[in-house]
Each structure stands twice: as structure tokens, then as C-alpha cells.
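> Starting from these lines, generate the structure:
(one chain, ligands or ions: 1)
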Amino acid sequence: MAIRLGDEAPDFTAETTEGSVNFHEWLGESWGVLFSHPKDFTPVCTTELGLVASLKGEFEKRNAKVIGLSVDTLDNHEGWASDIKETQGHAPNFPIISDADRKVSDLYDMIHPNANDTLTVRSVFVIGPDKKVKLTLTYPASTGRNFNEILRVIDSLQLTANHKVATPGNWEQGGDVIIVPAVSDEDAKGLFPNGWDEQKPYLRVVAQPGK
Ligand code: BEZ
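A predicted model of the protein is given here:
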């Protein structure tokens, strides 16, 4: 069954390039990003894994752990790592699940038979410290993902978890935000004492809290 926003992220134990991982234990109090790759030794996946390795510090700044998955063997994952380092300048520095039996892929509905009946699509799940799914993305095998967008969404999720705001289209860290409609003007005066720009009664724009 498809995983929906707000669902608890299904737990599992799997073999990875960094040993056996129990997913919930491994996540601990962190945010998590679980993402799948169609297959080892494929070109787009090679670029994505090098890219995510280069962004590890950005995920760490956000208290987020990343874990990849491919329906391939550990031997293949390990052999592929040197190609990734050679071509992308960064070897994977995060665990990659060996899901040759598709246990985790099936649990997370990552195989879409009308796209391909053996390989996973490019799925992304962002999971909060409460183990709830906060974001799902599904990309086709032919399109590499934009991992800056995943970081941007984590920034938005972390901001909106702590303040009664939502982030507008194309928002980035430091940009103006929107007071959520559930907050009355009366309550907003206490929460945003420097005021806001009321463009419509339902569209109240305010500086990002804490900036
Ligand atoms: C790739 O990662 O390059 C890829 C994988 C499966 C199908 C097409 C491309």
C-alpha cells in the first residue's frame, strides 16, 4: 500500500554498506532521508550518489541522516563505490541498503510495475524525528533528482514545525514566509510583534522568524 504523508515510516532491518541497520534505531532522534535507485552501475544513479555524498555536511547541519537503497547485492554496491569516487569525486559516505530480495522496496512501494516490474523508481521519503513521513517524491528512472530541493524542503519542514508559518512557492532559507490561516490577527500580533504585510486577509506575509 502506498505510504502517505503523516503515516509512520515502516520499520525494517536490512543489510547495508555500513552493516546491518534497524531503520528506526538508526534514525534515533534525527530527521531521515530514504531514497531509492533503480540499479547499481547505472549512469544517473552514479551522479546522484556522488552528489548526495558531497552534500553530507548540509544534511548533518539539519540533523538529517541519509540512506540509499538499490535492489542489488552488497558486493555490487561496494564495487560501484570506487566508480562513484572516480567519476564524481566523492564515494558514498552514508549507508546504501542492499535490497536484492526487494523487502524494503515492497514495504515502501518503490517498485511501480507499469514503469518497470523489477527496478525501483526514484523514490524519496523525508521522515521526521517522530518517525512520521513528511515528504514523498517519485521520479522516473530517466530523471536525476535535485537534492538541493530536498534540503530546501527539510528547511521548510523544520521552520514550520516550530513556528505558525508556511513557506511560499520557491521559498528559500531567509525568505519571507506566510502566517498560517488558522492564526487569528489577534494572536498574530503576539506571535509577530513587528507586524506583517496583509496582501489579502488570507495572505499575510512576514519576515522569517529567527532571521
Ligand atoms: C540510471 O541511473 O542512469 C538509470 C537507471 C535505470 C534506467 C535508466 C537510467
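
> CA only for contacts and neighbour counts going forward, please
Will do.

> what's the spacing between L5 and T120?
L5 is 20 Å from T120, where distance means C-alpha to C-alpha, to the nearest Å.

> Looking at these two, which is more packed in?
T120 (25 against 15; other C-alpha atoms under 10 Å).

> what sits against the more buried one?
Applying C-alpha atoms under 8 Å, 6 or more residues apart in numbering to T120 gives the contacts 36-39, 70-71, 105, 110-112.

> Out of these, which are close to the ligand?
38-39 (C-alpha under 6 Å from any ligand atom).

> Return the member of the contacts of T120 nearest to G174.
G174 lies nearest to S36 out of the contacts of T120, by C-alpha to C-alpha, at 30.3 Å.

> In three-state terms, how would that closest one be classified?
Put simply, S36 is strand when judged by DSSP: H, G, I helix; E, B strand; the rest coil.

> State the pLDDT value of D117.
pLDDT recorded at D117 is 89.

> That one against D109, yeah?
No: using C-alpha atoms under 8 Å, D117 makes no contact with D109, being 11.8 Å away.

> Comparing these two, which shows the higher neighbour count?
D109 (16 against 10).

> which ones are touching the more buried one?
With C-alpha under 8 Å, 6+ apart, D109 has these contacts: 1-3.

> Mind putting those into CSV with distance to the ligand, pLDDT and secondary structure?
Listed next are these as CSV, based on distance: C-alpha to the nearest ligand atom, whole Å; pLDDT from 0 to 100; DSSP: H, G, I helix; E, B strand; the rest coil:
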residue, distance to the ligand, pLDDT, secondary structure
M1, 23, 73, coil
A2, 22, 89, coil
I3, 23, 96, coil
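
> Drop anything exposed from those residues.
Among the contacts of D109, those classed as buried by 16 or more other C-alpha atoms under 10 Å are I3.

> Out of the contacts of D109, the closest to A81 would be?
Nearest member of the contacts of D109 to A81, counting by C-alpha to C-alpha, is I3, at 29.7 Å.

> quick one: contacts for the closest one?
Counted by C-alpha under 8 Å, 6+ apart, I3 has contacts 9, 108-109.

> Figure out how far stretch 188-196 is from the centre of its chain.
32 Å (C-alpha atoms, centre = their mean, to the nearest Å).

> cool, and stretch 176-184?
25 Å.

> Pull out the buried residues from that stretch.
Neighbour counts over stretch 176-184 (16+ other C-alpha under 10 Å) mark 176-180 as buried.

> From the opening residue of that stretch to its closing one, how far?
In stretch 176-184, first residue to last residue: 19 Å (C-alpha to C-alpha).

> any idea how far the residue of the chain positioned farthest from its centre is from T73?
For the chain, the largest distance from the centre (C-alpha atoms, centre = their mean) belongs to E186, which lies 35.6 Å off. E186 is 58 Å from T73, where distance means C-alpha to C-alpha.

> returning to what we had before: reformat the buried residues of stretch 176-184 as CSV; add secondary structure.
Conversion of the buried residues of stretch 176-184 to CSV gives the following (three-state DSSP):
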residue, secondary structure
D176, coil
V177, strand
I178, strand
I179, strand
V180, coil
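
> want to throw those residues into TSV with pLDDT and distance to the ligand?
Formatted as TSV, these follow (pLDDT from 0 to 100; distance: C-alpha to the nearest ligand atom, whole Å):
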residue	pLDDT	distance to the ligand
D176	98	36
V177	98	36
I178	98	38
I179	98	40
V180	98	39
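
> Fine, thanks again, bye for now.
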